[in-house]
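In: Pasted the sequence and its predicted model underneath.
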Amino acid sequence: MAAQGLSVLSIASSCSCSINYESCRKPSKCLQLFDLSSSFSGLKVSIRSPEFSLIALKRRCSAVATIAFSLPITKTGAVYDKNLKWSSRSIKAFAMGELEARKLKYPNTGTEALLMGILVEGTSLTSKFLRENGVTLFKVREETVNLLGKSDMYFFSPEHPPLTEPARKALDFAVEDKLASGKEGEITAAHMLLGIWSQKESAGYKIMASLGIDDNKISELAKNKDKDIILSFK
């Protein structure tokens, strides 16, 4: 369920390496030559760019692909929509959520981590909505530790902490909500936050509620849920 949909995700917008991914399969094409002229001898020296840059490029592509595989695009048994995809900001928010779970040394990525991920991403309308309502990254981290406790200092989280059941249901809700709207476009960070809010027993919901978020405020966010950002040319 949560391991579908790499082919329909907009990875290129969040990973510049996708543009040159095909060329990365041929290392000789990824390495460039630079000419340095000597003012003393007038000779030109060719220096080949280091191969570790190619390795870093491939690792970045691999990391983004792994994140993309973790995000659902449809629930099991539902109609498959080839045009359905997550926005670049929601993908980054998910990746940052995994990172926050690792920072706290938690074994799983829960709704509280997804909430922190949205705040860390920081550029979406959803993150702006949270900050305007007093929900900051520092406060969410503090509430998370108070609610879930600290992890063992000797415990090391996996590179991609698996989703908890509430977090998986929150992402499924985001997909279903987008499908139910019948509108074109991407699954945004707002859909993700609405999914977190739908899980009433989850840590993410409890943290938001304790910081003053309620159904009325969520209803205001839902009015612009199909947009990650509003561009103004004034």
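Out: It's in.
In: Work out for me the element the closest residue to Phe173 other than its chain neighbours sits within.
Out: Residue nearest to Phe173 in three dimensions, not counting chain neighbours: Gly195, with 3.8 Å by Cβ to Cβ, 6 or more residues apart in numbering. Where you see a C-beta, it was placed from the backbone N, CA and C, and this is true even at glycine. For Gly195, the host element (DSSP states H and E) is helix 189-198.
In: what's the following helix or strand after that helix?
Out: Going down the chain from helix 189-198, the next helix or strand is helix 203-210, by DSSP H and E.
In: tilt between that following helix and helix 189-198?
Out: With axes from the mean of the first three to the mean of the last three Cα atoms, to 10 degrees as the criterion, the two stretches helix 203-210 and helix 189-198 enclose an angle of 90 degrees.
In: What are the buried residues along the helix or strand just after helix 203-210?
Out: Once helix 203-210 ends, the next helix or strand along the chain (criterion: DSSP H and E) is helix 215-222. Buried positions in helix 215-222, judged by neighbour count with 16 or more other Cβ atoms under 10 Å: Lys217, Ile218, Leu221, Ala222.
In: what sits up against helix 215-222?
Out: Contact partners of helix 215-222, identified using Cβ atoms under 8 Å, 6 or more residues apart in numbering, comprise Leu125, Thr126, Phe129, Asn133, Ala190, Leu193, Leu194, Trp197.
In: these two touch, right, the fourth one and Leu193?
Out: No - no contact is recorded between Asn133 and Leu193 when judged using Cβ atoms under 8 Å, the distance being 11.4 Å.
In: out of these two, which sits in the busier spot?
Out: Each of Asn133 and Leu193 has its neighbours counted (other Cβ atoms under 10 Å); Leu193 has more, 30 against 17.
In: any idea how far the closest residue to Phe155 other than its chain neighbours lies from Glu176?
Out: Distance criterion Cβ to Cβ, 6+ apart; nearest residue to Phe155, sequence neighbours excluded, is Lys105 at 5.1 Å. Taken as Cβ to Cβ, to the nearest Å, the spacing of Lys105 relative to Glu176 amounts to 32 Å.
In: what's the burial count for Lys105?
Out: Other residues close to Lys105 by other Cβ under 10 Å number 15.
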